[in-house]
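Asks: Task: produce atomic coordinates for the following.
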Amino acid sequence: MAQFFATATGYFVIGLFLVLTGLLLWVFPGEWNVLDSGYAQVDGLFTLAPWLYLLLVPAVCMRMIAEERRLGTIELLLTKPVTAFSVTLGKYLAGLSLVILSLLPTVVYFFSVWYLAEPIGNVDSGAYWGSMIGLLLLAMVYVALSLFASSLSDNQITAFLFAVLLCFTLYAGFDLISSLFASGSVQSAISWFGIAAHYDSMSRGVIDLSDVVYLLSVTVFFLFLTSLRLRK
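Replies: Next comes the predicted model:
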């Protein structure tokens, strides 16, 4: 984490996410603008964040293993008395902490609509915090996917591009594939394998155990693949 903030890159990546969400939610007119909607809610944040995180999370995680491989320090790291999965978990928790750090300032939006509401405090707090839980689970999956991509190459740019592709495919790819079929049951079955089908309901504050289990399972699966890659 210290290395991430040792250069301007770290501040730029997180700052870009906050600036974009701030502009789209409060400045630029449109479907996501809080003031234009007339409702005391920040649903636009949970619609925008998965797409903005498609770039933010890979940018945060692209160097975590790729840079170690390029510099040759990965061999030194793996000679330490720790397992490959411990190394993977340490990298993962660092990446997740950075993503959560980028998300914390957006809590200001909730308190903003709280005071803008008529009467003050007339906000569906349960839906907001439920949606925030869903966004955190989505971030967990994105970090696991990006870390796996970083383990496949010693080039940061290659790792970044592959992570973006992997996150996009798992988030929206299955929905796009399902649209090729006319049968509704086939569409639902294919969409179920994508992240969007499980995140969409959570983004509205509805926490379903099956959705939580799915997102956690995908996270653990890709962490396991990353540790296998490190052992190899």
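
Asks: Give me the distance between the spatially most central residue of the chain and residue 58.
Replies: The centre of the chain sits closest to residue 139, judged by Cα atoms, centre = their mean, with a distance of 2.8 Å. As judged by Cβ to Cβ, to the nearest Å, residue 139 and residue 58 stand 12 Å apart. Any C-beta I mention is one placed from the backbone N, CA and C, and that applies to glycine too.

Asks: and the next element down the chain from the host helix or strand of residue 98?
Replies: For residue 98, the host element (DSSP states H and E) is helix 84-103. Proceeding N to C from helix 84-103, the next assigned helix or strand is helix 107-116, under DSSP H and E.

Asks: Show me what the helix or strand following that following helix is packed up against.
Replies: Following helix 107-116 in sequence order, the next helix or strand is helix 125-150 (DSSP H and E). Counting contacts by 3 or more Cβ pairs under 8 Å, 6 or more residues apart in numbering; DSSP states H and E, helix 125-150 is packed against helix 43-61, helix 84-103, helix 156-168, helix 195-202, helix 209-231.

Asks: what does the helix or strand of the chain with the lowest mean pLDDT contact?
Replies: Every helix and strand of the chain was ranked by mean pLDDT, DSSP states H and E. The lowest is helix 34-37, at a mean of 80. Helix 34-37 has contacts (Cβ atoms under 8 Å, 6 or more residues apart in numbering) with 25, 26, 29, 30, 31, 41, 42, 44, 109, 112, 113.

Asks: so can I have a markdown table of those showing pLDDT, neighbour count and distance to residue 207?
Replies: Output for those, formatted as a markdown table (pLDDT from 0 to 100; neighbours: other Cβ atoms under 10 Å; distance: Cβ to Cβ, whole Å):
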| residue | pLDDT | neighbour count | distance to residue 207 |
| --- | --- | --- | --- |
| 25 | 87 | 23 | 23 |
| 26 | 87 | 16 | 27 |
| 29 | 85 | 8 | 32 |
| 30 | 79 | 11 | 28 |
| 31 | 80 | 10 | 25 |
| 41 | 81 | 20 | 17 |
| 42 | 82 | 26 | 18 |
| 44 | 84 | 20 | 20 |
| 109 | 89 | 19 | 20 |
| 112 | 87 | 15 | 24 |
| 113 | 87 | 19 | 21 |
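
Asks: For residue 182, state which of these is nearest.
Replies: For those, the closest approach to residue 182 (Cβ to Cβ) belongs to residue 31, at 28.9 Å.

Asks: With adjacent residues omitted, what lies nearest to that closest one?
Replies: residue 44 (7.3 Å; Cβ to Cβ, 6 or more residues apart in numbering).

Asks: Would you confirm that that neighbour contacts residue 26?
Replies: No: using Cβ atoms under 8 Å, residue 44 is not in contact with residue 26; the gap is 9.6 Å.

Asks: for the spatially closest residue to residue 110 that is not a sequence neighbour, what are its contacts?
Replies: Closest residue to residue 110 apart from its sequence neighbours, by Cβ to Cβ, 6+ apart: residue 128 at 5.6 Å. Residue 128 makes contacts with 41, 42, 110, 205, as judged by Cβ under 8 Å, 6+ apart.

Asks: go on, residue 42?
Replies: 25, 34, 109, 110, 113, 128.
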